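# any chance you can model this:
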Amino acid sequence: MISYTFPSWLKWTLKLLISLAIIFFIAEKISWSEFFSILSEANPYWLILAILFFTMSKLISAERFRELVRLHFPQFDVKQNLHLYWKSMYYNLLLPGGISGDAYKMKVLRDRFSLSIGQLIKLVLADRISGLIALLQWALLLMMLLSEFRIYFIWILSAFLLSLMIAWIFLKFINPLYLVIRKRLALFSAMVQLMQLISALAIIYALHQQEHLGAYLLLFLGSSLAAMIPVTIGGAGAREICFMYGAPLVGGVVEEAIAVGFVFYLISTAVSLTGMILSFKRNKTDEISVS
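Reported below is the predicted structural model:
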């Protein structure tokens, strides 16, 4: 069988073109004067709060990753982990898909601890899927609170209960060892999404859009799912297009909703860029084991 792998520069170029196409498409659909008017009236104190809670979400997410690594190497400490995690955030944002943040973490851990590629893929999957399940659970909980979805309450509750079972089955399937920390994984994942929800809430208040608070928070969770699809540069455009199509469905205003997604993207990009400072430094996590 002939296998073919796309070169990393081609993947990156495709992502860039898709991001630009989405941004151009959105630019044609909104009123820029209204959009910038909303941004210009943003409350800086709420924005600072949004940055703090987003940063907290990343710190908790890093600790969730460390919990998984420590099952293989108990000596993996907080400082090593934060150094690795923050650099991977920066690489995940800027480098081509073939050298993304997850790939960088896998390379460092393989060199440092001699884990196999299969073990590393399962570790990263456990981290990612735990976060995804928590994201879906928060979305279901929020839907239960919104009057628009009240008639689907039984179905939404059933889906939530099913998600608890899926999380257990998934961890058992990829590596039963991870079941030992399943409760901590679930708690960390829930806290990550809660911190990001509070960050989004602060952005909504900063932009004075609290009239559609519940609807925009639900759109935010939906846009987080869209941003996970690896077809754009750092999720650029993916969140915004989700807000653009979702806002009319929940009674919101397109420009307001896109402004919420845009500000969140700026905050996540700014926090991830701080990893650039660490990319110029080395610590013992980066050292390649020769044993």
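# okay, buried residues for the helix or strand hosting S88 please.
Per DSSP states H and E: S88 is located in helix 78-94. Buried residues in helix 78-94, counted by 16 or more other Cβ atoms under 10 Å: 80-94. Every C-beta, even on glycine, is put in place using the N, C-alpha and C of the backbone.
# quick one: which of the residues you listed is nearest I38?
Checking these against I38 with Cβ to Cβ, the nearest one is L93 at 25.1 Å.
# the closest one contacts A270, correct?
No. L93 is beyond contact range of A270, at 10.3 Å (criterion: Cβ atoms under 8 Å).
# which stretches of the chain form helices?
With helices called from DSSP state H, the chain shows them at 8-29, 32-40, 44-70, 78-94, 101-113, 117-145, 153-174, 182-206, 213-228, 238-249, 254-273, 275-279.
# pLDDT (mean, whole number) over the fourth one?
The reference is to helix 78-94. Helix 78-94 shows a mean pLDDT of 84.
# could you pull up phi and psi at A42?
Main-chain torsions, A42, degrees, to the nearest 10: phi -60, psi 140.
# which one is it nearest to, not counting chain neighbours?
Using Cβ to Cβ, 6 or more residues apart in numbering and skipping the chain neighbours, the partner closest in space to A42 is A206 (4.8 Å).
# can you give me the pLDDT of S61?
For S61, the predicted pLDDT is 94.
# and it, how far from M191?
Counting by Cβ to Cβ, to the nearest Å, the gap from S61 to M191 is 9 Å.
# of those two, who's got more company?
Neighbours were counted for S61 and for M191 using other Cβ atoms under 10 Å; S61 has more, 22 against 18.
# in this structure the more buried one contacts V192, no?
Yes. Counting by Cβ under 8 Å, V192 is a contact partner of S61 at 4.8 Å.
# between the two, which contacts overlap?
Residues touching both S61 and V192 by Cβ atoms under 8 Å, 6 or more residues apart in numbering: G131.
# and the closest residue in space to A190 that isn't next to it in sequence, how many residues sit next to it?
Leaving aside its chain neighbours, A190 sits nearest to A134 (5.0 Å; criterion: Cβ to Cβ, 6+ apart). For A134, the count of nearby residues is 23 (other Cβ under 10 Å).
# what of I166?
14.
# that one contacts I133, doesn't it?
Yes. Between I166 and I133 there is a contact at 6.7 Å, judged by Cβ under 8 Å.
# now stretch 169-187: buried residues?
Buried residues in stretch 169-187 (16+ other Cβ under 10 Å): 170-171, 174-175, 178, 181-182, 185-186.
# check stretch 126-142 too.
Residues of stretch 126-142 classed as buried: 126-127, 129-140, 142 (neighbour count, 16+ other Cβ under 10 Å).
# check stretch 240-249 too.
240-244, 246-247.
# so which of these is the closest to I156?
Nearest to I156 out of the buried residues of stretch 240-249 is G246 (Cβ to Cβ; 17.3 Å).
# check what pLDDT the closest residue to the closest one other than its chain neighbours gets.
Leaving out its chain neighbours, the residue that sits closest to G246 by Cβ to Cβ, 6+ apart is L219, at 4.4 Å. pLDDT, L219: 86.
# ok so, going back, tally of neighbours for the residue nearest to A42?
Neighbour tally, A206, other Cβ under 10 Å: 22.
# tell me how far it lies from V192.
Distance, A206 to V192, using Cβ to Cβ: 21 Å.
# contacting residues for M144?
153, 156-157, 160.
# at 6 Å what do you get?
Applying Cβ atoms under 6 Å, 6 or more residues apart in numbering, we find M144 in contact with I156.
# equivalent analysis for V192, please.
Contacts for V192 (Cβ under 6 Å, 6+ apart) come out as 57, 60-61.
# again, 8 Å this time
Contacts for V192 were tallied using Cβ under 8 Å, 6+ apart; they are 57, 60-61, 64, 131, 134.
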